[in-house]
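K.L.:
Pasting a predicted model and its sequence here:
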Amino acid sequence: MTEKGKLIVISGPSGAGKSTVVNRAIQGRDDMCFSTSVTTRAPRPGEVDGKDYFFIDEERFQEMVENGELLEHARYVAHSYGTPKAFVEKQMAAGFNVILDIEVQGARQVKERSPESVLIFILPPSMEELRRRLENRGTDSAEVIDARLRRAREELKEASIYDYIIVNDKLDEAAAEFAAILKAEHCRYAHRRHLLETF
């Protein structure tokens, strides 16, 4: 019997290193996958439908919202984005742990619709370090960096809805903590009580 996968929600300020931590933690594992979102925006050059996004029109998106087919959804820059429940459930049923990298508002929606989901908030070691990382990217103006830092402070106020907090100071340690959380979640009584039936 294939053990059902977990839905892992990752959030954290821009510059905290969420993708770096997760990619290091899942390196070499074959039981992990990232969720594929639906969006109403047009595909960019090189993007593949069903891999990068599921590209749909606004009418179909609204239909999915009304039918409860999305775990979470939001609108950014005149386009809609959401996480399709059916895709996530299919991957989990096949034994994959599905990773969902979303903002705090989306994480709250997922927790309401899927209470068994595991919410992990990834922090930088300090706001000073977060500023340094954003500046070192060399991609944002000083005004954009200040806006990102203000946004980070707002996100920190919402961190109480999360189950775990990882501080990404040393990458290997942060990745090890992510892997440990995943292992612990798979050992929960609620997740493994079916095994008792074999005795």
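P.N.:
Happy to help now that I have it. Numbering: from 1, shown residues only.

K.L.:
wait, Pro124 sits on Pro13?
P.N.:
Yes - at 6.7 Å, Pro124 counts as touching Pro13 under the criterion of C-beta atoms under 8 Å. From N, CA and C alone the C-beta is placed, and that goes for glycine too.

K.L.:
neighbour-wise, which of those two wins?
P.N.:
The neighbour comparison of Pro124 against Pro13 (other C-beta atoms under 10 Å) goes to Pro13, with 24 against 21.

K.L.:
Show me the common contact partners of Pro124 and Pro13, please.
P.N.:
Leu130 (C-beta atoms under 8 Å, 6 or more residues apart in numbering).

K.L.:
what are the ranges of the helices in the chain?
P.N.:
18-25, 58-66, 85-93, 104-113, 127-137, 142-157, 171-186, 189-192 (DSSP state H).

K.L.:
Columns mean neighbour count, mean pLDDT and distance to Val38 on top of those, output as JSON lines?
P.N.:
Converted to JSON lines, the helices of the chain look like this (neighbours: other C-beta atoms under 10 Å; pLDDT from 0 to 100; distance: least, C-beta to C-beta, whole Å):
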{"stretch": "helix 18-25", "mean neighbour count": "18", "mean pLDDT": "94", "distance to Val38": "21"}
{"stretch": "helix 58-66", "mean neighbour count": "13", "mean pLDDT": "97", "distance to Val38": "7"}
{"stretch": "helix 85-93", "mean neighbour count": "16", "mean pLDDT": "95", "distance to Val38": "9"}
{"stretch": "helix 104-113", "mean neighbour count": "18", "mean pLDDT": "93", "distance to Val38": "13"}
{"stretch": "helix 127-137", "mean neighbour count": "15", "mean pLDDT": "93", "distance to Val38": "29"}
{"stretch": "helix 142-157", "mean neighbour count": "13", "mean pLDDT": "92", "distance to Val38": "24"}
{"stretch": "helix 171-186", "mean neighbour count": "16", "mean pLDDT": "96", "distance to Val38": "26"}
{"stretch": "helix 189-192", "mean neighbour count": "10", "mean pLDDT": "87", "distance to Val38": "28"}
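
K.L.:
Relative to Glu72, which of those helices is closest?
P.N.:
For Glu72, the closest of these is helix 104-113, at 3.8 Å, according to C-beta to C-beta.

K.L.:
The closest one to helix 85-93, inter-axis angle?
P.N.:
Per axes from the mean of the first three to the mean of the last three C-alpha atoms, to 10 degrees, the angle that helix 104-113 makes with helix 85-93 is 70 degrees.

K.L.:
Next, the angle helix 142-157 makes with helix 104-113.
P.N.:
Per the same axes, to 10 degrees, the angle that helix 104-113 makes with helix 142-157 is 30 degrees.

K.L.:
now what about helix 104-113, what contacts it?
P.N.:
Contact partners of helix 104-113, identified using C-beta under 8 Å, 6+ apart, comprise 7, 9, 11, 71-74, 83, 85, 100, 102, 117, 119, 155, 158, 161-162.

K.L.:
Great, nothing more from me.
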